[in-house]
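Q: A predicted structure for the sequence below; I have some questions about it.
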Amino acid sequence: AQKVTQAQTEISVVEKEDVTLDCVYETRDTTYYLFWYKQPPSGELVFLIRRNSFDEQNEISGRYSWNFQKSTSSFNFTITASQVVDSAVYFCALSEAGFGNEKLTFGTGTRLTIIP
Amino acid sequence: DAGVTQSPTHLIKTRGQQVTLRCSPKSGHDTVSWYQQALGQGPQFIFQYYEEEERQRGNFPDRFSGHQFPNYSSELNVNALLLGDSALYLCASSFSDNNEKLFFGSGTQLSVL
């Protein structure tokens, strides 16, 4: 069975600080995908990134970066120079490669509040 | 280009009733998935529809059923509602040939009294 753990329930930081959201996953599959989604107050989840289990390269996209470490089953997300617009709930998710990307197992989310 | 649209946005029902939620996928998408998100929790996969058939199902009872129409829109039906069915129901769409990411609607907030 797959499982995603986001131990940080809520995080608050002052604007312009860096913040890292933790994600630990469990799966018996050798091939899988990892995701991060953002859920603003409007409710819809917004896709941020997908990472294949065979690709352990870190990725940077603007102020966002992701650190994938297969050895510790972690896929952490860092926001650099945080902004008020980053306030949202962030979800880490996992899917089995054979089932496509529609059947996701989500963590319980981390509520991030950026204080102006 | 309209994204994923869901209706209604809010709904109040009583225990034992039946409910139907609707979803129109993003233009060009042919696959629809439904998720249930309880308060303070992550979304849980209910099922996926492609070519008008249920292709995958999560750990939900038969009270939860669905349908996909030829225009790719979809309905989620829940029978014999329980208090525990109160949640945000999210619809997500994708294109079968390029399903790297899901596009989600804003959801239907269902309250069961």
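A: Sure, I can see it. Numbers count the residues shown, from 1 in each chain, chains lettered A, B, ... in the order given.

Q: these two touch, right, A:Asp48 and A:Tyr64?
A: No Asp there; residue A:48 is Leu. Yes - under the criterion of Cβ atoms under 8 Å, A:Leu48 makes contact with A:Tyr64 at 6.8 Å. For the C-beta atoms, the positions are set from N, CA and C on the backbone; glycine is no exception.

Q: Mutual contacts of those two, please.
A: Common contact partners of A:Leu48 and A:Tyr64 (Cβ atoms under 8 Å, 6 or more residues apart in numbering or on different chains): A:Phe77.

Q: Spell out which residues of chain B are next to chain A.
A: Counting by Cβ under 8 Å from any Cβ of the partner chain, chain B comes close to chain A at B:3-4, B:31, B:33, B:40-45, B:48, B:56, B:58, B:88, B:90, B:92, B:94, B:99-107.

Q: Residues contacting the longest strand seen in chain B, please?
A: Using DSSP state E to define each element, chain B has its longest strand at strand B:87-95. Strand B:87-95 is contacted from outside by A:43-45, A:101-102, B:4, B:6, B:21, B:23, B:25-26, B:28-39, B:43, B:72, B:74, B:76, B:101-105, B:107-110, using Cβ under 8 Å, 6+ apart.

Q: Which ChimeraX command selects the buried ones in those residues?
A: To isolate the buried ones among those in ChimeraX, judged by 16 or more other Cβ atoms under 10 Å in any protein chain shown, type:
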select /A:43,44,45,101,102 /B:4,6,21,23,25,26,29,30,31,32,33,34,35,36,37,43,72,74,76,101,102,103,104,105,107,108,109,110
